[in-house]
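S.K.: Model the structure of this input:
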Amino acid sequence: MYKKLTSSVLLALAVAGAPALAKGPASTANEAATARHYASLIAGEPKLSELTLFFTQMPKGGDLHHHYSGSVYAEQYVDFLDKQGYCVNKQTYQIETRKEVVEAERAKPAKDRNCLSTSEVYADDYTYRELLQRWSNKDFNNHGAIQPPPDRLFFQTFGFFGPVSNANFREGLQELKKRAIAENVSYIETMFKMSPFVVNKEFDTQAWQNANDDKAFEAQMGAWLAVLEQDAGFRKSLEDFVNKIHESAEGIDDERFTMRYQTYVLRLLNPSQVFSSMVSGFKAAAMSDKIVGVNIVGQESTMVSMRDYALHMKMFRFLKSRYPEVKIAMHAGELALGDVPPEGLKFHIDQALVVAGANRIGHGIDLAHETNAPAIMAKMRKDDIPVEINLTSNAFISGIEGANHPITLYRKYGVPYVISTDDAGVTRHTLSNEYVLFASRYKPDYAEMKRTSYNSIRYAFLSVAEKQRLTRQLEERFAAFEARIAELARSAPAAKR
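M.R.: Numbers count the residues shown, from 1 in each chain. Sure thing, here's the model as predicted:
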């Protein structure tokens, strides 16, 4: 029912990209006029307001590094409280899910309630504003009272809205679709749900013992994989997982918009949980044409993430050898100087590429510190492996921005890249804003900006036919956009340019 129709030939064609449609004289003239107009916006001190207008209207293809739970705005999650029969504690801002506690709070007079419904949160401006400061980065740079370290604030938000982000999927996906269409984004590849896992303490002990013995660790993984494949309960959880994604995705795709889904594992768990989750993720991607890849998430600088990083890469290598058609997008090198001891910055992107076989690299901001940085860039260029650039996220979480961001290296040495959002609901921005930041900071010409938009379809984990369809749509949208911009440029009074 979910069988995926792919082949190595089709995948090779997909990497090559679909040919551009032929252009007429009017289209070519409009493109040239748009390029001149854009050049005037980045000349000297960038004109940020005009760039925002420009990129809000510009077709941006897709968003390939996108977390579902972190992309829904906190305001939407507040709306979900009543739908799930929950309330939010106005002292801790945590969601209360226990039915008996919620009912007891509802029985109290309104003035005595400590746990608030959706309408009560909206009616209490102080609580509402404080909630937004905990469930997102609202007011972080605007004299907000809550000032934990930015990385802590970012990763803690998921613990606050987690109970409501794990339900109401259809409503959440529809909201993301609506917002994408409004800013001329036609495709999203979202990290949607963590694939199911089981606990095996014996596997954990053996994995740590075999950390430096690849042959023994592969034998260990092979033995447990065989057991998992015969486990009826594990198979049932996998089927339910795939069905849940398909149910949530109903009604999302249409002629204007397409969405596909990555499953992911959480690198903060013990090896047995990570491996079994990875097994279900690879199997789910092999079963479903909606699930297009597997990822790994979680703060990369934590003790567990650093301790088990090499183990995780070997797990990916093992499963990739058994499921070679399944794509891997890898959070790798999301580390800045000082996050970990210097030696911890030396190998993450390298292992993601060479050991795990990643098809795309997410973030990759520790590049300049990696021992094999020149070889990494050469491999990514040669094998056409893009890096997913998340400027707002990198600046907020890690303090990496401007000339310190390795996009300068990736561009200089010909590494393909895409521009993406990461968690736009938590960091409160849009894909259009990411294009504004990129253009204003690094001043690429219009041809490069346009190519960046096309790259987000070129490097999507989609079939050749889907890429060709989205590329044709993108070509049509650019023709219409460039006609509008050419007219806008002509209509501006010369004295006010």
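
S.K.: Which residue ranges of the protein form strands?
M.R.: Secondary structure of the chain by DSSP state E: the strands cover 62-67, 87-89, 95-96, 115-116, 187-194, 258-266, 291-297, 329-332, 360-363, 387-389, 417-419.

S.K.: could those go into a markdown table alongside mean pLDDT and mean neighbour count?
M.R.: Any C-beta I mention is one placed from the backbone N, CA and C, and that applies to glycine too. Formatted as a markdown table, the strands of the chain follow (pLDDT from 0 to 100; neighbours: other C-beta atoms under 10 Å):
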| stretch | mean pLDDT | mean neighbour count |
| --- | --- | --- |
| strand 62-67 | 98 | 27 |
| strand 87-89 | 96 | 23 |
| strand 95-96 | 96 | 20 |
| strand 115-116 | 96 | 23 |
| strand 187-194 | 96 | 24 |
| strand 258-266 | 98 | 24 |
| strand 291-297 | 98 | 25 |
| strand 329-332 | 98 | 27 |
| strand 360-363 | 98 | 28 |
| strand 387-389 | 98 | 26 |
| strand 417-419 | 98 | 23 |
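
S.K.: Rebuild these as CSV, extending it with distance to residue 169.
M.R.: Below are the strands of the chain laid out as CSV (distance: least, C-beta to C-beta, whole Å):
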stretch, distance to residue 169
strand 62-67, 14
strand 87-89, 20
strand 95-96, 17
strand 115-116, 24
strand 187-194, 8
strand 258-266, 10
strand 291-297, 14
strand 329-332, 21
strand 360-363, 22
strand 387-389, 23
strand 417-419, 25
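
S.K.: Residue 73 is nearest to which of the ones you listed?
M.R.: When the strands of the chain are compared by C-beta to C-beta, strand 62-67 sits nearest residue 73, at 12.9 Å.

S.K.: could you check the angle strand 291-297 makes with that closest one?
M.R.: Angle between the axes of strand 62-67 and strand 291-297 is 40 degrees (criterion: axes from the mean of the first three to the mean of the last three C-alpha atoms, to 10 degrees).

S.K.: relative orientation of strand 62-67 and strand 258-266 in degrees?
M.R.: Interaxial angle, strand 62-67 versus strand 258-266 (the same axes, to 10 degrees): 30 degrees.

S.K.: Quick one: list the elements packing against strand 62-67.
M.R.: Packed against strand 62-67 by the contact rule (3 or more C-beta pairs under 8 Å, 6 or more residues apart in numbering; DSSP states H and E) you find strand 187-194, strand 360-363, strand 417-419, helix 446-458.

S.K.: how about 6 Å then?
M.R.: Here strand 62-67 touches strand 187-194, helix 446-458, going by 3 or more C-beta pairs under 6 Å, 6 or more residues apart in numbering; DSSP states H and E.

S.K.: Convert the first one to CSV, retaining C-alpha atoms only.
M.R.: Yep, that's strand 187-194 we're talking about. Output of strand 187-194 as CSV, limited to C-alpha atoms (Å, rounded to 0.1, in the frame of the first residue of the first chain):
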residue,chain,number,x,y,z
TYR,A,187,7.2,22.7,-0.9
ILE,A,188,8.1,21.8,2.7
GLU,A,189,10.0,18.7,3.8
THR,A,190,9.3,18.6,7.5
MET,A,191,10.8,16.6,10.3
PHE,A,192,7.4,15.4,11.6
LYS,A,193,7.5,12.6,14.1
MET,A,194,10.0,10.6,16.0
